[in-house]
Each structure stands twice: as structure tokens, then as C-alpha cells.
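>>> One predicted model, sequence on top.
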Amino acid sequence: MILRVFVATFIFQHDVILLLERSRTARFAPGKWTGVGGRVEPDELDAVEAAAIREIEEETGLKGSDLHDLRVRLILTLPEAGGISVLVFCAAETDRVDVGPCDEGTLHWVSADNLPGIDLIENARRTLNVLIEDRKSGKQDVHYGVCRCDVEGKVVDWAVI
């Protein structure tokens, strides 16, 4: 059985969120939108926030010192054929607006009001909705869940607490 761990961070600046529109040639989810992130290396498993900062620096040009309140917010397990993937979603704040360029696609600052019209990866959309609701209510809980997807990546089962 194979275990794959990924981290994705939603970076907020007040009511706008930094999102990555993945390249149309990307192997996974071409043209879809998500947070900034990637694979967590084996030596980073005990420091996922450090993996998040590494990915943010690589993809956005933002430094760890540009980020405030970076924290794990939702851990999602995805059982798959031959293994399990774990998606660790983080959130952070920044005051910087100048980002990029990004080799993985195009970075965009997006208002929360405009999210319904964006082609987000479905588990990223559901996670972002949870984080936005938590921000509105002042909650900072870490959520845990399980997500099952069909072969096209559509969520068929979602349970998050």
C-alpha cells in the first residue's frame, strides 16, 4: 500500500484568496483551480507547515516571513486503489499582493464572492467553503475527513467533522 501526502494552502488577504489555475498541460486536474501546494517530502511529514512554506515560496515567491497565522485547517484522507492519499489543507494570511510567476500555472487573487464561477477542484472547493465559514464565525478548528472520488475526480462521498 502506498501513502501519498500533499499540502495545499489557501492564502487570504482580507476577503480575497490566492488561487492557482493549474496549467492546461498538468497531469492532474489540468485547467482546474486550487490552493498553492504539492507533495510533502518524506522528511517533511513531521513538519507539514514547513512543506507548505516550501511550496508557497516555490510557486508564489512569497516568503515565510510574508505569511501570518499559517496553520493546518483540514486533513482529508482519500482512499484510492493501491494506496491512500492525505491532503493537508492549510490557511494563511498575507499583506503582499505581488506574487508569481508560477511554473505550475497562473496565480490569481479571487474575491470569495466570485468563487462560484471558478472551476475549482471539487475537494478544494468544499474545503475552501469550510474555511470561509470558519473565518466568518471566528472558528479556527482543525477539521478531519474522508473523501472518495470517482475516476474523473468528482467527489462521491464527503464526510468532514
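Noted; the coordinates are in hand.
>>> quick one, helices of this protein?
48-60, 122-137 (DSSP state H).
>>> can you redo those helices as a markdown table with distance to residue 151, mean neighbour count and mean pLDDT?
In short, each C-beta sits where N, CA and C put it, glycine included. Formatted as a markdown table, those follow (distance: least, C-beta to C-beta, whole Å; neighbours: other C-beta atoms under 10 Å; pLDDT from 0 to 100):
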| stretch | distance to residue 151 | mean neighbour count | mean pLDDT |
| --- | --- | --- | --- |
| helix 48-60 | 26 | 21 | 96 |
| helix 122-137 | 13 | 18 | 94 |
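>>> Now render these as TSV, adding distance to residue 87.
Listed next are the helices of the chain as TSV, based on distance: least, C-beta to C-beta, whole Å:
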stretch	distance to residue 87
helix 48-60	11
helix 122-137	7
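>>> out of those, nearest to residue 107?
Residue 107 lies closest to helix 48-60 among the helices of the chain, at 6.2 Å (C-beta to C-beta).
>>> Output the contacting helices and strands for the closest one.
strand 2-13, strand 36-39, strand 67-80, strand 83-94 (3 or more C-beta pairs under 8 Å, 6 or more residues apart in numbering; DSSP states H and E).
>>> Kindly recompute the last result at 10 Å.
strand 2-13, strand 16-22, strand 36-39, strand 67-80, strand 83-94, strand 105-111 (3 or more C-beta pairs under 10 Å, 6 or more residues apart in numbering; DSSP states H and E).
>>> Let me know the angle separating that helix from strand 83-94.
Calculated by axes from the mean of the first three to the mean of the last three C-alpha atoms, to 10 degrees, helix 48-60 forms an angle of 70 degrees with strand 83-94.
>>> Pairing partners for residue 143 in the sheet, please.
Beta-bridge partners recorded for residue 143 (DSSP bridges): residue 74.
>>> Could you pull up the residues touching it?
72, 73, 74, 75, 76, 89, 127, 130, 131, 134, 160, 161 (C-beta atoms under 10 Å, 6 or more residues apart in numbering).
>>> Turn those residues into TSV, including distance to residue 10.
Listed next are the contacts of residue 143 as TSV, based on distance: C-beta to C-beta, whole Å:
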residue	distance to residue 10
72	12
73	8
74	10
75	14
76	13
89	7
127	8
130	10
131	6
134	11
160	15
161	19
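>>> What residues of stretch 10-17 count as buried?
Residues of stretch 10-17 classed as buried by neighbour count (16 or more other C-beta atoms under 10 Å): 10, 11, 12, 16, 17.
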